[in-house]
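> I'll drop the sequence and a predicted model, then ask my questions.
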Amino acid sequence: MRGRVQGRDGRRLRDDRADEPPARDRRHDAPRARGGRDDDPRARDAEARSRHEHGDGASRRAPAGGSRQERERAAGRRAGDGARSTRGGDVPPPRSPWRRPPAPPRPPRPPLVLRLGNPRRRINIGLIGMTFVLSIFAGRLIQMQGLDSKVYEAAAADQRQHVETIPAKRGSITDVNGHDLAVTVEARELSIDPSKITKPDVRAKVTKALAQQLGKSEQDIAAKLARTDTRYQRLATDVDPVVASRLQQAGIPALSAKKTYRRLYPAGDLAGSIIGFVGDEGKGLVGVEGASDKLLAGRDGQQRVETGRDGQRIPMTSSQRTAPVDGRDIRLTIDRDIQWAAQKSIGDQVRESGADSGTVIVMDVRTAQIVAMANAPELDLGNWRSAPASSQINKAAADVFEPGSTNKVITAAAALEAGAATPDTVFQVPDRIRCYDQVLHDAHAHGTESMTFRQAMAESSNVATVMAARKIGSARLYGMLKAFGFGSRPGGGVPGAEAGLLPDYKKWSGSQSCTIAYGQGVSVTALQMASVYQTIANGGVRIEPRIVAGTTDATGKFVPAPESKRTRVVSETTAKEITTMLESAVGEEGTGHLAAIPGYRVAGKTGTANRYDASLGRYDGYTASFVGFAPADKPSLVVLSVLQNPKKGHFGGELAAPVFKDVMTFAIKSKKIPATGSTVPPVRTRAGE
């Protein structure tokens, strides 16, 4: 029906076409696509309530066109619709087909939903990050394993490999007959890891045990054990294997023992200053030990091993080993028995006379080999650490002194060689003589006497010696002193040998040209003076003194030392003439009669010289000496004895001659040197004879 319909309340109703929504409204009312917002029941309910309460907004709008009357009527209808709506009428207002379609209702705000994003994106980002990190590791790995592999390989090898020293066995030192004077025996080097001993009570027990067994103070051991920040402390280097085994069996924690060697001196102080000693580091310091250290020490070996963190060797790993080369043995010319007799005799005399020191040298005439070289006091090799430094010096070869009258044989040799005098030449000898600004005296006052040169030598006249020296001049005397070895260092391997002091004759003072003739103003060593008398006893041929008889080679075979240099100093005739003069000095009227040995012919000379004290800077005290050889007609041995600064007496004939006699007597018996059986030939001693 298209006609108007009047409602129950008398109002006009819209035609039936108005009940149908426009096409646009129907389009909006149509169900939304599946999955849209209108499918939500809560949204549809909210939209329905909104329409019921407010009506269709589009029906309330005035048409855009039409007459004024029509607009008024439309407004009236809207007012009526509002009234009905307020009263709760059932019939919705009619809709005009020419009205604008209502706007779609605003949808309600959807509930907040947490959206995590696309999982594929997250996976891709993670993979990129992991790839970057792995690329860093891969680059570092390529650098270490490829580019720098050699560097790291070398560093790892250095950390893993350790070089152990294999000590070489030090060579022995023996006397001329092969008796041991210095030997090397097996020992142990003990070390400990202080970091493993942290408990105070355990440390105290370990300290006490180590100190008792090693012979060290508890303070020293405790100081080493207190170094808990270190893992290595060396306790001792020359421990007896028995002691080391005892300590290891005692269960001392972290104690290690390493095989090594230690030096022993079986003879104690016998030839101590000659032999010398080896320090804690295994190096020879003085004496033969120091002078021949390279020969004796040999060459240490090495072993390269691989160890772990705890220092233990890694099994089944390669190792490189260089074998050590043991040191060579040295055989000295020293005779152990004669050395003992010389040390005893000079030691006794030093104590009895109150001397500062003393020296004895025994030398073979034909070879110049040193048979004995004794010093008093002597160095005790078993306790060298506490010995004074002065006892470590080989005084027989190192101490210089003014020889005194023992030097007169050189003046006599120069005069005889020059033909300026003979043993029978007579001198008118007063007891004093002026030499420039000095007045020189004989040892004893006497009137002017007629003396033969032989008598002057026997009585040790200073004045007669000066008179003979004036016949030859300073230049000739200086040349003879040089020929006998003064001013030069002896060879032959004698440790600590010094050259002495011989000033050039052009620098001699006026008085020195006289005093040097009888041994004052020139300084020598005991070894140099013994060499002078060896030259006279050997027929005028000087042989360089030596103390090394030979060494062993790599196979242990003995190799003799090369022969010493030989130099003719004076003629054999001069040497024999001086020998007769020296025999007179040991005769009953000579100053050296206390040196005479029954059954043997002895030639020798006393010496008594003023002693220069360097610490005081002046002459103070005396040097007493005697040197000679026997048998005089067939010389075999030379013996020299010297005492420095004796307090009970000072003449060489009184103090040194008895030492010569004791040592020479023992030596000729030890070497079984027979007496020649000859007697001293008659010679002219005094001028009136």
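Alright, I've got the coordinates.

> isn't R618 up against Y612?
Yes - contact criterion Cβ atoms under 8 Å: R618 and Y612 qualify, at 7.4 Å. For glycine as for every other residue, the C-beta is placed from the backbone atoms N, C-alpha and C.

> so those two - more neighbours on which side?
Taking other Cβ atoms under 10 Å, R618 and Y612 do not tie; Y612 has more neighbours (18 against 9).

> give the contact list for the more buried one.
F401, E402, R618, Y619, D620 (Cβ atoms under 8 Å, 6 or more residues apart in numbering).

> correct me, but the last one touches A614?
No - counting by Cβ under 8 Å, no contact exists between D620 and A614, whose distance comes to 10.2 Å.

> more neighbours: these two, which one.
D620 (12 against 7).

> secondary structure element for the more buried one?
strand 618-630 (DSSP states H and E).

> after that strand comes which helix or strand?
Note on strand 618-630: by DSSP H and E, the next helix or strand toward the C-terminus is strand 637-644.

> tell me what angle that following strand forms with strand 618-630.
Between strand 637-644 and strand 618-630, the angle comes out at 160 degrees (axes from the mean of the first three to the mean of the last three Cα atoms, to 10 degrees).

> return strand 637-644 as CSV; C-alpha atoms alone will do.
Listed next in CSV are the C-alpha coordinates belonging to strand 637-644 (Å, rounded to 0.1, in the frame of the first residue of the first chain):
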residue,chain,number,x,y,z
LEU,A,637,167.5,-29.8,46.2
VAL,A,638,167.2,-26.1,47.1
VAL,A,639,165.5,-25.1,50.3
LEU,A,640,164.6,-21.5,51.3
SER,A,641,163.0,-20.4,54.6
VAL,A,642,161.8,-16.9,55.4
LEU,A,643,160.3,-15.4,58.5
GLN,A,644,158.6,-12.1,58.4
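
> just give me how far that strand sits from the chain centre.
40 Å (Cα atoms, centre = their mean, to the nearest Å).

> coming back round to it: the strand holding D620 pairs with which strands?
Next to strand 618-630 in the sheet, as set by DSSP bridges, lie strand 603-613 (antiparallel), strand 637-644 (antiparallel).

> what mean pLDDT does stretch 527-535 get?
For stretch 527-535, mean pLDDT is 97.

> go on, stretch 546-559?
Computed over stretch 546-559, the mean pLDDT rounds to 93.

> first-to-last residue distance for it?
Start-to-end span of stretch 546-559 (Cα to Cα, to the nearest Å) is 15 Å.

> could you list the buried residues of it?
For stretch 546-559, burial by neighbour count (16 or more other Cβ atoms under 10 Å) applies to R546, I547, V548, A549, G550, T551, T552.

> which stretches of the stretch 301-450 of the chain have low pLDDT?
By pLDDT under 70, the low-scoring segments of the stretch 301-450 of the chain are 308-313, 315-319.

> try the stretch 551-689 of the chain
Applying pLDDT under 70 to the stretch 551-689 of the chain flags residues 684-689.

> helices along that one, start to end?
572-585, 652-670 (DSSP state H, counting those that start in this stretch).

> redo these as a markdown table? Include distance to M480 and mean neighbour count.
Output for the helices of the stretch 551-689 of the chain, formatted as a markdown table (distance: least, Cβ to Cβ, whole Å; neighbours: other Cβ atoms under 10 Å):
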| stretch | distance to M480 | mean neighbour count |
| --- | --- | --- |
| helix 572-585 | 11 | 21 |
| helix 652-670 | 22 | 24 |
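
> what about A526, distance to N375?
Using Cβ to Cβ, to the nearest Å, A526 is found at 9 Å from N375.

> which of those two has more residues huddled nearby?
Between A526 and N375, N375 has the larger neighbour count (other Cβ under 10 Å), namely 30 against 27.

> what helix or strand does the more buried one sit in?
Following DSSP H and E, one finds N375 within strand 370-376.

> immediately after that strand, which helix or strand?
Per DSSP H and E, the first helix or strand lying C-terminal to strand 370-376 is helix 395-398.

> may I see the buried residues of that following helix?
Using 16+ other Cβ under 10 Å as the test for burial, helix 395-398 gives K395, A396, A397, A398.

> what's the following helix or strand after it?
As assigned by DSSP H and E, the chain's next helix or strand after helix 395-398 is strand 400-401.

> for the spatially most central residue of the chain, give its distance to A187.
For the chain, the residue nearest the mean C-alpha position is E281 (6.6 Å; Cα atoms, centre = their mean). Counting by Cβ to Cβ, the gap from E281 to A187 is 14 Å.

> phi and psi next, for P104.
phi -60, psi 140 (degrees, to the nearest 10).

> that one and P111, how far apart?
Taking Cβ to Cβ, one finds P104 at 21 Å from P111.

> ok, whichever strand or helix holds I433: who's next to it in the sheet?
Element membership for I433 (DSSP H and E) is strand 432-435. Strand 432-435 pairs in its sheet with strand 438-441 (antiparallel), by DSSP bridges.

> the strand it pairs with: how far from the chain's middle?
Distance of strand 438-441 from the chain centroid (Cα atoms, centre = their mean) equals 56 Å.

> and it, what's buried?
L440.

> which helices and strands sit right next to the helix or strand following that strand?
Per DSSP H and E, the first helix or strand lying C-terminal to strand 438-441 is strand 449-452. Applying 3 or more Cβ pairs under 8 Å, 6 or more residues apart in numbering; DSSP states H and E, one finds that strand 449-452 contacts strand 426-429.

> give me the residues contacting the strand it packs on.
Strand 426-429 is contacted by residues 442, 448-453, 456, 461, 463-464, 467-468, 687 when judged by Cβ under 8 Å, 6+ apart.

> which parts of that strand are buried?
Going by neighbour count (16+ other Cβ under 10 Å), the buried part of strand 426-429 is V426, F427, V429.

> just the C-alpha atoms of that strand, please, in PDB.
Output in PDB follows, covering the C-alpha atoms of strand 426-429 (Å, rounded to 0.1, in the frame of the first residue of the first chain):
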ATOM      1  CA  VAL A 426     191.400  -9.300  49.100                       C
ATOM      2  CA  PHE A 427     189.500  -6.300  50.200                       C
ATOM      3  CA  GLN A 428     190.500  -3.900  53.000                       C
ATOM      4  CA  VAL A 429     187.200  -3.800  54.800                       C
END
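
> who does that strand pair up with?
strand 449-452 (antiparallel).

> tell me the spacing between T676 and G628.
Separation of T676 from G628 (Cβ to Cβ) stands at 15 Å.

> between the two, point out the one with more neighbours.
Between T676 and G628, counting by other Cβ under 10 Å, G628 is the more crowded of the two (32 against 15).

> what's the burial count for the spatially closest residue to the more buried one that is not a sequence neighbour?
Nearest residue to G628, sequence neighbours excluded (Cβ to Cβ, 6 or more residues apart in numbering): G604, at 2.1 Å. For G604, the tally of surrounding residues (other Cβ under 10 Å) stands at 32.

> am I right that G604 is in contact with L637?
No - under the criterion of Cβ under 8 Å, G604 is not in contact with L637, lying 11.7 Å apart.

> coming back round to it: how much space separates the residue nearest to G628 from D337?
Distance from G604 to D337, by Cβ to Cβ: 23 Å.

> report the contact partners of A226.
Counting by Cβ under 8 Å, 6+ apart, A226 touches P194, R203.

> go with 10 Å
For A226, the contacting residues are P194, I197, R203, T207, Q233, by Cβ atoms under 10 Å, 6 or more residues apart in numbering.

> pLDDT value on it, please?
A226 carries a pLDDT value of 90.

> measure R611 to M373 for me?
For R611, the distance to M373 (Cβ to Cβ) stands at 21 Å.

> between the two, which one's more packed in?
Set side by side, R611 and M373 show more neighbours around M373, with 31 against 18, by other Cβ under 10 Å.
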